[in-house]
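Peer 1: Pasting the sequence and the predicted model now:
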Amino acid sequence: MDLLQTVVQDVPESPLMTVRDAIKWAEFRLCQDGNGWIVDAPVTQEGVVIAPEGTHCVRVLTLFRDVRVMTPGVDYEQLSPESVSIHRVGDGDTFTARVAVKPTSDGSLPDDLRRQHFETLRHGATHRLLLLPQPWRSVEQAAYHETYFKAGINDAYRLSVYGQQQGARVQPRRFI
């Protein structure tokens, strides 16, 4: 089922345009707070991060000089979302960055990311709609959806920082 239809089922009284705005808001929060959309982007020697078309940079997660990972605070500093100050630039150096991005105001998340974060986006949009001062307002249900939305954002952030390590468990030592 499509995300729009699912949110409409959660809040049936809300107009479709309002639902679309709530979904865009949830996508924005997921990318802004949870690093939900990560891309590799080239970086100029002057330190300008070139984000893909239809996106804005949120933050640089990792900066590479050729293939070597650079250390933040030692090798570079991030001045703004779309620029870094690189210390000791050589003539033949090429820089790339792993960057968290968010869609522009007229853009949206790619379909595969929408599928991956479907439930998080659903809970976020529903939370947003249920807090509007409209006849369908329900603060209690909004708090319920907010809990799952924040958990989804935290999961996305954890996966962006620590990698796709789902289900890793530590086995306890045997008691003898």
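Peer 2: That came through fine. Residues are numbered from 1 along each chain as shown.
Peer 1: Angles on the backbone of the residue nearest to residue 23 when sequence neighbours are not counted, please.
Peer 2: Once flanking residues are discounted, residue 23 sits nearest to residue 125: 4.6 Å by C-beta to C-beta, 6 or more residues apart in numbering. Every C-beta, even on glycine, is put in place using the N, C-alpha and C of the backbone. Per-residue torsions, residue 125: phi -70, psi -40 (degrees, to the nearest 10).
Peer 1: Figure out the length between the terminal residues of stretch 57-74.
Peer 2: 22 Å (C-alpha to C-alpha, to the nearest Å).
Peer 1: rewinding a little: tally of neighbours for the residue nearest to residue 23?
Peer 2: Applying other C-beta atoms under 10 Å, we find 31 residues neighbouring residue 125.
Peer 1: what pLDDT, on average, does the lengthiest helix in the chain get?
Peer 2: Using DSSP state H to define each element, the chain has its longest helix at helix 139-162. What helix 139-162 shows for mean pLDDT is 92.
Peer 1: The closest residue to residue 74 other than its chain neighbours and residue 50, how far apart?
Peer 2: In this structure, residue 74 finds its nearest non-sequential neighbour in residue 87, 7.6 Å apart by C-beta to C-beta, 6+ apart. Separation of residue 87 from residue 50 (C-beta to C-beta, to the nearest Å): 20 Å.
Peer 1: of these two, who's got more company?
Peer 2: Each of residue 87 and residue 50 has its neighbours counted (other C-beta under 10 Å); residue 50 has more, 14 against 11.
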